[in-house]
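> Take this sequence and fold it.
(one chain, ligands or ions: 1)
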Amino acid sequence: MTPPAARPYNFSAGPAAMPVEVLQQAANEMLDWQGTGMSVMEMSHRGKSFISICEAAEQDLRELLAVPEQFRILFMQGGGLAENAIVPMNLSRGGVVDFVVTGSWSQKSAKEARKYATGHIAASNEADAHTTLPDPAKWQVSADAQYLHLCSNETIHGVEFHDLPDLKALGSDAPLVIDFSSHVASRPVDWSRVGLAFGGAQKNLGPAGLTLVVVREDLIGHALSSCPSAFDYKTVADNASMYNTPPTYAIYVAGLTFQWLKRQTEGNAKGIAAMEQRNIAKAKVLYDFIDSSQLYQNRVARNCRSRMNIPFFLRDESRNKAFLDGAQAAGLLQLKGHKSVGGMRASLYNAMPIEGVQALVAFMRHFESTQA
Ligand SMILES: *Cc1c(COP(=O)(O)O)cnc(C)c1O
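Coordinates of the predicted model:
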């Protein structure tokens with residue numbers, strides 16, 4: 001297998017850059033997975049080869065994220081947006097659900113849940129244009145909430161919870177549900193504060209098509225009777241994520257990513273702890289440069305700036321197209337901001353090496369020097 005030519009740096013928010021070693025291994029195994037004479041996408045999901053792939057992926061993920069025994073790991077489909085319906089169908093019992101709105105994604109979740117439950121906004125940063133995190137001590141939690149939902153990293157607005165709230169300390173017994181789509185595997189998770197976490201794979205785990213759900217066992221088995229069987233966590237858990245055909249190829253490639261993550265080290269840190277150190281260093285390079293420049297601006301409060309998704313703006317927005325064209329020519333791809341906020345966005349997921357961030361900053365500095 002010839003080594004890959006240098007590839008451009010890809011800052012897409014998702015589907016996003018994958019580790020090159022993972023792509024290469026998938027390419028090497030494309031026609032014949034480990035002597036079976038089949039591609040993984042040609043195998044029965046009930047056969048022993050695929051079952052071994054799936055079990056290894058689940059076990060590796062459990063190790064990586066230190067998922068405690070009393071949580072089930074489910075491989076589902078439908079993405080984060082489907083979970084906006086699937087979570088209330090499974091957990092709400094048709095009752096009251098609290099939402100903390102910190103950006104587009106949590107807003108969407110709150111809206112969708114209202115089809116199945118009574119949604120209550122416990123806190124919102126809308127008045128700050130989604131650039132802050134509401135102080136948990138001031139959240140208006142409902143006494144009878146079935147759960148509280150938040151998005152632990154707002155991919156579009158670039159707002160991240162660096163600590164998950166302790167709901168018990170806020171006087172709530174409700175389980176915490178987090179949408180961790182865009183920062184899963186970028187840092188450890190404090191499972192003692194979480195009841196359920198979900199995320200699409202296409203940001204930081206693998207290809208689109210796979211949705212990860214990690215759910216505490218006691219929250220399984222309470223679905224509304226109208227919940228489709230394929231979306232009932234109990235059906236999915238009882239059938240080891242194989243009630244119907246799972247997204248086999250996406251699970252396989254995500255599994256290769258988990259193996260890649262397990263191999264990563266940074267000093268004494270391994271796996272997710274190593275990734276966290278790298279992600280802190282990468283984000284610092286970009287934020288420090290933005291904050292020191294006259295041209296670029298990030299509007300998110302410093303205590304909740306995302307390490308993964310960094311939106312930034314040119315002070316002269318008429319230069320946006322010139323910036324993006326120049327970046328593309330310099331091998332820096334997919335930096336256009338989300339259409340709802342405009343400007344630029346650099347997503348620095350696990351597969352982005354620090355060299356990519358340094359190349360971006362070098363380009364930004366050069367571009368600034370060419371502006372009048
Ligand atoms: C991308 C994203 C989603 C939507 O995921 P789909 O797979 O497109 O449904 C939901 N929540 C967050 C935080 C995201 O980043």
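> can you confirm Leu148 is in a strand?
Yes: counting by DSSP: H, G, I helix; E, B strand; the rest coil, one finds Leu148 located in a strand.
> Determine whether the claim that Phe99 is in a strand is correct.
Yes: under three-state DSSP, Phe99 sits within a strand.
> Without its sequence neighbours, what residue ends up closest to it?
Ala110 (4.0 Å; Cβ to Cβ, 6 or more residues apart in numbering). Every C-beta, even on glycine, is put in place using the N, C-alpha and C of the backbone.
> Using the three-state scheme, assign the one you found.
Assigned with three-state DSSP, Ala110 falls in the helix class.
> quick one, what contacts it?
For Ala110, the contacting residues are Phe99, Val101, Gly119, Ile121, His149, by Cβ atoms under 8 Å, 6 or more residues apart in numbering.
> Just the closest of these to Asn309, please.
Nearest to Asn309 out of the contacts of Ala110 is Val101 (Cβ to Cβ; 17.3 Å).
> Looks like the closest one contacts His120 (just checking).
No: taking Cβ atoms under 8 Å as the definition, Val101 is not a contact partner of His120, at 10.9 Å.
> So which of those two has more stuff around it?
Val101 (24 against 17; other Cβ atoms under 10 Å).
> did I read that right, Ala82 in a helix?
Yes: membership of Ala82 in a helix is supported by three-state DSSP.
> Next secondary structure after the longest helix along the chain?
Longest helix of the chain, by residue count under DSSP state H: helix 271-292. Sequence-wise, the next helix or strand downstream of helix 271-292 (DSSP states H and E) is strand 296-297.
> what's next to that next one, contact-wise?
Applying Cβ under 8 Å, 6+ apart, the contact partners of strand 296-297 are Phe289, Ile290, Phe312, Phe313, Leu314, Arg315, Met364, Glu368.
> strands paired with the one helix or strand the third one maps to, and their directions?
Pointing back at Phe312 there. Using DSSP H and E, Phe312 maps to strand 309-314. The pairing partners recorded for strand 309-314 under DSSP bridges are strand 296-297 (antiparallel), strand 344-347 (antiparallel).
> most neighbours per residue, which of those strands?
Across those, averaging neighbours per residue (mean count of other Cβ atoms under 10 Å) puts strand 344-347 on top, at a mean of 25.
> Pull the residues that contact it.
Strand 344-347 is contacted from outside by 11-14, 16, 155-156, 158, 182, 203, 286, 308-314, 320, 323-324, 335-338, 357, 360, using Cβ under 8 Å, 6+ apart.
> Which ones, among these, also lie beside the ligand?
Gly14, Thr155, Ser182, Lys203 (Cβ under 6 Å from any ligand atom).
> okay, the one helix or strand Val214 maps to in CSV with CA atoms only?
Val214 belongs to strand 211-216 when elements are defined using DSSP H and E. Only the C-alpha atoms of strand 211-216 are listed here, as CSV (Å, rounded to 0.1, in the frame of the first residue of the first chain):
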residue,chain,number,x,y,z
THR,A,211,-26.0,7.1,16.0
LEU,A,212,-24.5,6.4,19.4
VAL,A,213,-26.7,6.2,22.4
VAL,A,214,-25.3,5.5,25.9
VAL,A,215,-28.2,5.1,28.4
ARG,A,216,-28.4,4.1,32.0
